[in-house]
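Participant: Requesting a structural model of the entry that follows:
(4 chains)
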2 protein chains.
Amino acid sequence: MKFGERIRELRREKHFTLRDLAARVGVGFTYLSKIENHKLNDGHGASESLIHRLAIELDADEDELMTLAEKVPEPIRRRVIARPDAFRILASLTDDDLNDLVRRANRINQQRVR
Amino acid sequence: MKFGERIRELRREKHFTLRDLAARVGVGFTYLSKIENHKLNDGHGASESLIHRLAIELDADEDELMTLAEKVPEPIRRRVIARPDAFRILASLTDDDLNDLVRRANRINQQRVR
DNA sequence: TGTTATGTTGACTGTATTGTGCAACCAATC
DNA sequence: GATTGGTTGCACAATACAGTCAACATAACA
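Facilitator: Just a heads-up that it's a prediction; the model follows:
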């Protein structure tokens, strides 16, 4: 699922027209149409601040939208800035190694719950 | 300690003038002055590449400077965007749990080397 | 005293990003 | 056939970002 598709989906769920939603988030409706259809030049997508407003108006998960828009969600950003040493290493791992660590992290969280 | 203060501290330790350091990292010395004094309009600080060059010329820890400048290093950013699922979980861990995983990650890398 | 070394500040600039706004157009639907 | 809703191209505008440049202040010092 890509960003634009998800926005469209959320918008439809709320029965907003492009013009409705555009007015709510404060941009022109043609811009929103282009976002939903990924019709923006190179890859110049919505700004973070627009995504934030979209999340509010659509009652959506901001982090999910940020991820789809290929922006770093704020909670992750904060953690990376606090521990760049750790995340530099984690970021250098292969997907497989990352998967292993994530499984282990999940076991850790499991134990915490018990 | 803020970013600019730290840069000034490091620069003084090396007995560089603003003009010295600016020449080494390839920007105008007035710009460095503003960075050290946090006198840039809103808060638009040094670019990541400038911070990188500063770390080299000042023999400083790049991660430390990135943290102070509140930047997510580009290689980490790319990896987070490629694996948001994994990093969302990793970002939710405590420092201790993160340390454990990093130790494990290092062992993995060790094995690869052998 | 003048000049040299260093740092500070305001105004400005080039480029990229993030949009705007119109016009023309299509598809439903009432 | 008029209204509602959406698509797309094109030209342009506003703002942010990453700096530069000229002018000035300040202290050391010959």
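Participant: contacts, neighbours, all on C-alpha from now
Facilitator: OK.
Participant: Show me what the helix or strand bottoming out on mean pLDDT in chain A packs onto, helices and strands only.
Facilitator: Counting by mean pLDDT, DSSP states H and E, chain A has its least confident helix or strand at helix A:95-113, which shows a mean of 90. Where contact means 3 or more Cα pairs under 8 Å, 6 or more residues apart in numbering or on different chains; DSSP states H and E, helix A:95-113 is packed against helix B:84-91, helix B:95-113.
Participant: what's next to the shortest one, contact-wise?
Facilitator: In other words, helix B:84-91. A:Thr67, A:Pro75, A:Ile76, A:Arg79, A:Val80, A:Leu98, A:Asn99, A:Val102, A:Ala105, A:Asn106, B:Val80, B:Leu98 (Cα atoms under 8 Å, 6 or more residues apart in numbering or on different chains).
Participant: Report the distance from it to the chain centre.
Facilitator: 21 Å (Cα atoms, centre = their mean, to the nearest Å).
Participant: List the buried residues of it.
Facilitator: B:Pro84, B:Ala86, B:Phe87, B:Arg88, B:Leu90, B:Ala91 (16 or more other Cα atoms under 10 Å in any protein chain shown).
Participant: Flag the shaky bits of chain A, pLDDT-wise.
Facilitator: With pLDDT under 70 as the threshold, chain A has low-confidence stretches at A:43.
Participant: which parts of it sit against DNA strand D?
Facilitator: Within chain A, the residues that sit near DNA strand D (Cα under 7 Å from any atom of the strand) are A:Phe16, A:Thr17, A:Leu18, A:Arg19, A:Phe29, A:Thr30, A:Tyr31, A:Ser33, A:Lys34, A:Glu36, A:Asn37, A:Lys39.
Participant: The first one: how many residues sit nearby?
Facilitator: Right, the one you point to is A:Phe16. Counted with other Cα atoms under 10 Å in any protein chain shown, the neighbours of A:Phe16 add up to 15.
Participant: Give the helix, strand or coil label for it.
Facilitator: Here A:Phe16 is recorded as coil under DSSP: H, G, I helix; E, B strand; the rest coil.
Participant: re the thing from before, who wins for proximity to B:Asp59 among the helices and strands packed on helix A:95-113?
Facilitator: Nearest to B:Asp59 among the helices and strands packed on helix A:95-113 is helix B:95-113; the distance by Cα to Cα comes to 24.5 Å.
Participant: and the closest one, how far out from the chain's middle?
Facilitator: In terms of Cα atoms, centre = their mean, the centre of helix B:95-113 is found 21 Å from the chain centre.
Participant: quick one: buried residues of it?
Facilitator: B:Leu98, B:Leu101, B:Val102, B:Ala105.
Participant: Save these as a markdown table, and put in distance to B:Glu57 too.
Facilitator: Formatted as a markdown table, the buried residues of helix B:95-113 follow (distance: Cα to Cα, whole Å):
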| residue | distance to B:Glu57 |
| --- | --- |
| B:Leu98 | 31 |
| B:Leu101 | 32 |
| B:Val102 | 29 |
| B:Ala105 | 30 |
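Participant: Tell me the one among those residues nearest to A:Glu57.
Facilitator: Using Cα to Cα, those come closest to A:Glu57 at B:Leu98, 35.0 Å.
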